[in-house]
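Peer 1: Here is the input, now give the coordinates:
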Amino acid sequence: MKPFLIVILAALAATTCACSSSGTAARPAHTVTISAHAAASRSAAPAPHPSPPTSLVAASCPTSHLIASAGAPQGYRSGLQLVITFKNTSTAACTLHGWPRVWQSMGPPVTTIGQPAVEGPVPAPTVVTVPPNGTASARLRIEDSALYPTTTCKPLKATSLAVIPPGEKTATHISFGSAACKGSAKLMTVTSVVQGSGG
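Peer 2: Numbers count the residues shown, from 1 in each chain. Got it, this is the predicted structure:
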């Protein structure tokens, strides 16, 4: 009987083990999904607008908006000097900067004589704003032509001055008689323009 009992007990044990292993099913693993959200993009800051200039510079004075005139000549050592005045005839302010170009001339037809005026070292050029009906001026010096040798100066009589305002290409003409030179002699010196009519 003992062998028979052992066989029965062994069979029961095997059945119990089978049930136990079938009841313990493997649990599925839980998968956790993590979504990474991109940080909200920051709105781009608007481009800064350039600051307007604190002051606007007026346009250069064209010859057509200027009337040039010559003041009464005064004796100056070995020659004479006079003030050339520019009056702004337009309804808007304009600017002049630097030296006018000046020739002695004769005519009609108007013909320039000799060399243009040399640019004087003083005063230093500055931007001059000329309001409507306002003036700017430069001082012109003309040396006595008799002081120059005939090899560089053939004396002639000038009847006018051909004047080109600073920065312009067109001349305006001023009636003014003076002794001139045809040749390489440089009789004249002109200053840069300044505010007003004082030269």
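Peer 1: measure residue 88 to residue 117 for me?
Peer 2: The gap separating residue 88 from residue 117 is 22 Å, by Cβ to Cβ, to the nearest Å. For the C-beta atoms, the positions are set from N, CA and C on the backbone; glycine is no exception.
Peer 1: Could you do residue 152 as well?
Peer 2: Between residue 152 and residue 117 the distance, using Cβ to Cβ, works out to 16 Å.
Peer 1: Between those two, which is the more surrounded one?
Peer 2: Using other Cβ atoms under 10 Å as the criterion, residue 152 and residue 117 rank with residue 117 on top: 24 against 14.
Peer 1: what ranges do the helices span in the chain?
Peer 2: Listed in chain order, the helices found in the chain under DSSP state H are 2-23.
Peer 1: need the strands for it, in chain order.
Peer 2: Along the chain, counting by DSSP state E, strands occupy 66-70, 74-76, 79-88, 94-97, 101-106, 111-113, 118-119, 127-130, 135-143, 154-164, 172-182, 188-190, 194-195.
Peer 1: Going by mean pLDDT, which of the ones you listed comes out lowest?
Peer 2: Among the strands of the chain, strand 74-76 carries the lowest mean pLDDT, a mean of 88.
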